[in-house]
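Trainee: What shape does this take:
(chains A and B)
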Amino acid sequence: MTLAALIFALVAAVILGGAVAAMAFRNLVHSALALAVSLAGLAAGFLSLHAQFVGFAQLLVYVGAVAILILFAILLTRGDEPGGQALFSPGFLTGAGIALAVFAVLARVILASRLVSAEIPLAPAPSVREIGQRMMSEDALPLEVIGLLLTVALIGAAILALREKPPS
Amino acid sequence: MMDQLFVVLKHWLVALAAPGWQPILAAAISIAAIIGAFASLFAVTTILERKGLGRMQNRYGPNRVGPFGLLQPLADGVKSLTKEDLVPAAADRWVFFLAPLVLVVPAFLALSVVPMGRNMTAVALDAGVLFFFAVGAATELSVFMAGWSSRNKYSLLGAMRAIAQMVSYEVPLILSAVTAVMMAGSLSTDEIVAAQAGYHHGLPNWFVLTPWGLAGFLLFLVCAMAESNRSPFDLPEGESEIIAGYYIEYSGFKFALFFLGEYIGMFAASGMAITLFLGGWHAPFPFLTWVPSYGWFFAKLLALIGLFIWVRGTLPRLRMDQLMNLAWKFMLPMALMNIAVAGLWHFSAPGAARWAACALLIAGAYLVLGRALFTGAHLGRRVYRYAE
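Mentor: Numbers count the residues shown, from 1 in each chain, chains lettered A, B, ... in the order given. Sure, this is the predicted structure:
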């Protein structure tokens, strides 16, 4: 087993372990923390593939922002009482079947694509510098549109959260 | 020779190992050096801080252990190691146990991209600055874990305050760092330091000596103070309001780990401020270049730590609404304005006119935003809702 394979196995174990734990824990906060572990593992996976920018962005956005957002949402809405329902819902078998079918289709498509058979370069072609230059030149318009969209969402959220003044 | 002492030493040690083990040994040496150097600096800083605060408050500070109380950190260490490790009965054991680790490990990781001297960056990443902010994100998670797992109202309050504060101040923190990244044209810490090399009219080419650099440096420093929960931004801990905030239930070694993590985080933020704005390990004047580069880095670091202690001893704690108003109504627009000014600086011809225009724009924005912050602020008599 090479070092790269060993690292991949470790990262995969963290991602899968975190994901399974996120589903299995009965306490919502525990689930959210396990999800954060899984997301951090995903970032490590990107890094082990030499995709620095994506890896750090994953860490910054998902572990830093989304995980905190989920935790806040849990705390602000329902407290931390453990859920009373059983771990597996009655539709468990159907869900597992659908998941397996989706996985089979995806695996078949990925294995048949050209990406897998191609020789994997040691360092990825787009470096952080190139990604930045692309975003600021060719892809500037999509970036701006996404920025505008997020700003609109932010303002909308602020308006929704704003307490209405009682009519005087 | 002196300048490259540690680099040569590391290469010599690495060359002793078998070829297959060399990368691992090199990494281990860097890790050991960072942990050793900054853990000792932590010990030195605790005594400096207690002595310095003592002087500012007209008292001696620790003076019992060793000459002038200099061995106090050693006594503190022994004390925290031998104290009983209490875990509240209602606490969530695993999360409670993991929280200090989640704080300390990313803090040390953040230090690994800071250039501490010529050729002395532990991990030279293409996106070093991005890495620094990415690992910093785990701090918020740790604070939440500590506050929530303790099952204590005060600690939960402290954690909520800490996260609100950290999320708010992270935005201007990153935006103020963007100016230096724009000017250096790179996210690599080494290249940002290299962009500040050389001298001009006897003054160094540090970013802090430009209008946008000075504004960016001050914004970065204030945000770093808020991120490390230090006074005047110590609402999450606030001894006089919520006892110790999120780490109220921690004792012994876990408490020491929290303390360590906070200080290492402060060192990392100061190191990043030095890298981005204070010219990294470059000497301030051409005739001082004979001093080893790491000497300059640590001299600047100690100076910033001194500033942190000074501010802590001087300013009172902010109120929650003041804290939020400062972040969103002053720091954020100021940081955005600073980015625009940096763009103007980049595209206009060098000279006194550029300097004056940029300085005026920043001073104008400062005045307008500062005035706006205080109009409509309720500065009158304090009104108590429940206490009266």
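
Trainee: can I assume B:Glu84 is in contact with B:Ser251?
Mentor: Yes: if you go by CB atoms under 8 Å, B:Glu84 and B:Ser251 touch, sitting 6.8 Å apart. Glycine gets a C-beta too; all of them are placed from N, C-alpha and C.

Trainee: For the two, indicate the residue with more neighbours.
Mentor: Set B:Glu84 next to B:Ser251 and count neighbours by other CB atoms under 10 Å in any protein chain shown: B:Ser251 wins out with 15 against 6.

Trainee: What sits closest to the more buried one if chain neighbours are left out?
Mentor: Nearest in space to B:Ser251, with sequence neighbours left out and distances taken as CB to CB, 6 or more residues apart in numbering or on different chains, is B:Leu86 at 4.7 Å.

Trainee: any idea how far A:Phe56 lies from A:Ala44?
Mentor: 11 Å (CB to CB, to the nearest Å).

Trainee: now A:Gly91
Mentor: For A:Gly91 relative to A:Ala44 (CB to CB), the value is 33 Å.

Trainee: Comparing these two, which shows the higher neighbour count?
Mentor: A:Ala44 (18 against 9).

Trainee: For that one, give me its contacts.
Mentor: Going by CB atoms under 8 Å, 6 or more residues apart in numbering or on different chains, A:Ala44 touches A:Val11, A:Val14, A:Gly55.

Trainee: mind checking which helix or strand the last one is in?
Mentor: To tie it back to what came earlier, the one meant is A:Gly55. helix A:52-58 (DSSP states H and E).

Trainee: Report the rounded mean pLDDT for the next helix or strand after that helix.
Mentor: Later in the chain than helix A:52-58, the nearest helix or strand by DSSP H and E is helix A:67-77. Helix A:67-77 carries an average pLDDT of 80.

Trainee: Centre of the chain to helix A:67-77, how far?
Mentor: 16 Å (CA atoms, centre = their mean, to the nearest Å).

Trainee: How about stretch B:148-157?
Mentor: 25 Å.

Trainee: In it, which residues have enough neighbours to count as buried?
Mentor: Burial within stretch B:148-157, assessed by neighbour count using 16 or more other CB atoms under 10 Å in any protein chain shown, is assigned to B:Trp148, B:Ser149, B:Ser150, B:Arg151, B:Asn152, B:Tyr154, B:Ser155, B:Leu156, B:Leu157.

Trainee: With pLDDT, secondary structure and distance to A:Phe103 added, can I get the residues you listed in a markdown table?
Mentor: Formatted as a markdown table, the buried residues of stretch B:148-157 follow (pLDDT from 0 to 100; DSSP: H, G, I helix; E, B strand; the rest coil; distance: CB to CB, whole Å):
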| residue | pLDDT | secondary structure | distance to A:Phe103 |
| --- | --- | --- | --- |
| B:Trp148 | 85 | helix | 34 |
| B:Ser149 | 85 | helix | 35 |
| B:Ser150 | 84 | coil | 40 |
| B:Arg151 | 83 | coil | 40 |
| B:Asn152 | 83 | coil | 44 |
| B:Tyr154 | 86 | helix | 47 |
| B:Ser155 | 86 | helix | 42 |
| B:Leu156 | 83 | helix | 40 |
| B:Leu157 | 84 | helix | 44 |
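
Trainee: out of those residues, who's near chain A?
Mentor: Filtering the buried residues of stretch B:148-157 for proximity to chain A by CB under 8 Å from any CB of the partner chain leaves B:Trp148.

Trainee: Helices of the chain, start to end?
Mentor: Going with chain A. Secondary structure of chain A (DSSP state H): helices at A:3-24, A:28-48, A:52-58, A:67-77, A:92-112, A:114-117, A:128-136, A:140-161.

Trainee: Can you look at chain B instead?
Mentor: Using DSSP H, helices in chain B cover B:5-16, B:22-56, B:72-82, B:93-111, B:128-149, B:153-184, B:189-194, B:211-227, B:239-242, B:252-276, B:293-314, B:320-325, B:332-347, B:352-374.

Trainee: Chain B contacts on chain A?
Mentor: So far as CB under 8 Å from any CB goes, chain A lies against chain B at A:27, A:29-30, A:33, A:36, A:40, A:43, A:52-53, A:56-57, A:59-60, A:63-65, A:67-68, A:71-72, A:75, A:80, A:127-129, A:132.

Trainee: what about the residue in chain A that chain B sits nearest to, distance to B:Ile174?
Mentor: At 2.6 Å from chain B, A:Gly64 is the closest residue in chain A, using CB to the nearest CB. Per CB to CB, A:Gly64 is found 11 Å from B:Ile174.

Trainee: Thank you, goodbye.
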